[in-house]
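Visitor: A predicted structure for the sequence below; I have some questions about it.
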Amino acid sequence: MLDISGLNVFHGNIQVVWDLKLTVDEGEMVTLIGPNGAGKSSTVETIVGLNRNATGSITFFNENILGLQTYDIFKKGLALVPAKREIFPKMPVIENLLLGGSDRTGWESSLQHIYNLFPILHERERQMAGTLSGGEQQMLAIGRALMSEPKLLILDEPSTGLSPLLVAQVFRSLERLGKEGITILLLEQNVRHALDMCERGYVLENGRIVLEGKAKDLMREKHIQKAYLGI
């Protein structure tokens with residue numbers, strides 16, 4: 001589904017990602033893990049067209065999308081849950097959700113699916129989004145992305161700023177989505193949760209992929225255990 005090859009990403013004249021290679025097959029849950037500042041967000045911003053200062057190849061269903069406008073990439077079936085959630089705080093929950101499916105018809109079933117996944121959003125659909133808790137705002141951001149019925153859902157650090165209890169709740173929801181067949185690319189600093197949930201993983205450090213493989217094998221890597229798991 002997604003095939004990235006030889007990707008070099010720049011911010012101005014400064015290179016932040018070098019020769020990145022990553023693939024996601026249909027129906028897979030794949031994680032890109034690494035410390036803060038490793039280049040994860042720069043990578044995802046390039047995938048979705050928010051940063052076009054890059055070279056290499058990003059193909060989505062065998063079509064090169066590198067350099068396309070974000071809204072064109074969105075229409076092809078790729079949705080992003082951004083790191084800072086980027087909800088509209090002065091709009092009700094329901095309006096935030098409807099914006100995610102604004103260019104398609106038949107969104108009622110998508111809305112019901114989201115309410116089944118996150119019942120609290122149904123309870124608070126008329127509440128202003130800015131008054132929700134951090135965890136509820138993260139659920140809203142995920143729900144908004146799901147409204148477009150994406151072929152690939154990318155999540156950038158969904159656990160950031162959440163309590164351990166809410167982190168577990170969000171990851172349970174993502175695991176449920178994976179079991180429903182939604183393809184997921186997860187960018188995370190919470191390595192244990194990410195590797196527990198996903199099938200494969202890539203480790204990005206200082207803008208370069210340093211490890212990749214099956215999640216269960218990465219869990220046994222000495223570097224992962226020492227640097228990320230405190231073992």
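Guide: That came through fine. Residues are numbered from 1 along each chain as shown.
Visitor: element containing residue 194, please.
Guide: In this assignment (DSSP states H and E), residue 194 forms part of helix 191-197.
Visitor: longest helix in this structure, by residue count?
Guide: If you go by DSSP state H, the chain has its longest helix at helix 164-179.
Visitor: now that one: mean pLDDT?
Guide: Helix 164-179 shows a mean pLDDT of 88.
Visitor: Which strands and helices lie in contact with that helix?
Guide: helix 108-117, helix 134-146, strand 183-188, helix 191-197 (3 or more CB pairs under 8 Å, 6 or more residues apart in numbering; DSSP states H and E). Bear in mind the C-beta positions are built from the backbone N, C-alpha and C, glycine included.
Visitor: I figured residue 25 was touching residue 1, is that so?
Guide: Yes - using CB atoms under 8 Å, residue 25 is in contact with residue 1, at 6.1 Å.
Visitor: okay, the two: which has more neighbours?
Guide: residue 1 (18 against 12; other CB atoms under 10 Å).
Visitor: quick one, what contacts that one?
Guide: 24-26, 28, 60-61, 151-152, 183 (CB atoms under 8 Å, 6 or more residues apart in numbering).
Visitor: okay, the angle between the lowest-mean-pLDDT helix or strand in the chain and strand 183-188?
Guide: Least confident helix or strand of the chain, by mean pLDDT, DSSP states H and E, is helix 164-179 with a mean of 88. Per axes from the mean of the first three to the mean of the last three CA atoms, to 10 degrees, the angle that helix 164-179 makes with strand 183-188 is 160 degrees.
Visitor: Now do the buried residues in helix 164-179.
Guide: Going by neighbour count (16 or more other CB atoms under 10 Å), the buried part of helix 164-179 is 166-167, 169-171, 173-175, 177-178.
Visitor: cool, and stretch 216-224?
Guide: Applying 16+ other CB under 10 Å to stretch 216-224 flags 218-219, 224 as buried.
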